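**Q** Here's my sequence, what's the structure:
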Amino acid sequence: MTDDRTPIAAYWDAAAASFDDEPDHGLRAAPTRAAWAAALRSWLPAGPLDVLDVGCGTGSLSLLLAEEGHRVTGVDLAPRMVGRARAKLAAAGRAGRFLVGDAMEPPTGEARFGAVLCRHLVWTLPDPEAALRGWVARLRPGGRLVMVEGRWREAGERGVPYAAGAETLPWSGGVGAGELAAAVRPLVRGEVRVERLDGRAELWGAPVDDERYVLTADV
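**A** Below is the predicted model of the structure:
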């Protein structure tokens, strides 16, 4: 796959209208929303923090962060995703900054953050290890990287690759916890921690049988 991100942005733009229909995307059910809110509280340092939400999608996690008092900057490649994120926080009366941009190189300038959060993102990236280096570089000393990741059976909706050539991406279909931990460990000074999430149906709206986990690490 080339580095042209236009087809990828177009794919997610088209998906924006129905993205929140997935239980763990829209967090419309109270138990699912409460489970994610509690999980974020347990994964992040005490705040309030400046948090960079890379690949923020429609802003569901950004909204939970804002409700906890964090100052959120969300970045997504798809303009329609960003539009929905802005509208979601505005409707809830919460502040958030949302930027259209590539998660590989978030357009945040010299800003540094207390935490960088991403969820189910690295499988979409042409050079995920370069993205990891960039995200760690955007953390303040003592800041925390929080990555909700896993391995899936499908590389796109209904098994169709989300963009032509997606099957050639380094982590197409997701990345296992061991491989991601090995990639993160040289970039941070603190311990790399992994918590399995595939047994927590409340996070996904239903039981899942693929690998899902959260990785956290401090710089």
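**Q** The nearest residue to residue 193 once chain neighbours are set aside in helix, strand or coil?
**A** Leaving aside its sequence neighbours, residue 193 sits nearest to residue 216 (Cβ to Cβ, 6 or more residues apart in numbering; 4.9 Å). Backbone N, C-alpha and C define where each C-beta goes, glycine included. Per DSSP: H, G, I helix; E, B strand; the rest coil, the local secondary structure of residue 216 is strand.
**Q** Next, count neighbours for residue 216.
**A** 23 (other Cβ atoms under 10 Å).
**Q** Measure how buried the nearest residue to residue 139 once chain neighbours are set aside is and give me the count.
**A** Excluding the flanking residues, the one nearest residue 139 by Cβ to Cβ, 6+ apart is residue 219, at 4.8 Å. When neighbours are counted by other Cβ under 10 Å, residue 219 registers 18.
**Q** what's in contact with stretch 19-36?
**A** 57-58, 60-61, 64, 81, 84, 200, 202-206 (Cβ atoms under 8 Å, 6 or more residues apart in numbering).
**Q** any idea how far the residue nearest to residue 193 is from residue 67?
**A** 20 Å (Cβ to Cβ, to the nearest Å).
**Q** do the same with residue 180
**A** Distance, residue 180 to residue 67, using Cβ to Cβ: 28 Å.
**Q** what do you get for residue 141?
**A** 27 Å.
**Q** more crowded one of these two?
**A** Applying other Cβ under 10 Å to residue 141 and residue 67 shows that residue 67 carries more neighbours, namely 16 against 8.
**Q** number of nearby residues for the closest residue to that one other than its chain neighbours?
**A** The shortest distance from residue 67 to any non-neighbouring residue, by Cβ to Cβ, 6+ apart, is to residue 94 (6.5 Å). Residue 94: 17 surrounding residues under other Cβ under 10 Å.
**Q** and residue 94, what does it touch?
**A** 63, 66-67.
**Q** Endpoint to endpoint, stretch 55-64 covers what distance?
**A** Start and end residues of stretch 55-64 are separated by 15 Å (Cα to Cα, to the nearest Å).
**Q** Give me the mean pLDDT for that stretch.
**A** For stretch 55-64, mean pLDDT rounds to 98.
**Q** list the buried ones in it?
**A** Buried residues in stretch 55-64, defined by neighbour count with 16 or more other Cβ atoms under 10 Å: 55-64.
**Q** now, among the residues you listed, which is nearest to residue 212?
**A** Of all those, residue 61 has the smallest distance to residue 212: 15.0 Å, by Cβ to Cβ.
**Q** Quickly find the element holding that closest one.
**A** helix 60-67 (DSSP states H and E).
**Q** Tell me where the protein has strands.
**A** 50-54, 71-76, 97-100, 113-119, 139-151, 192-196, 211-218 (DSSP state E).
**Q** Quick check: which helices or strands does the second one pack against?
**A** Translated: strand 71-76. strand 50-54, helix 60-67, helix 79-91, strand 97-100 (3 or more Cβ pairs under 8 Å, 6 or more residues apart in numbering; DSSP states H and E).
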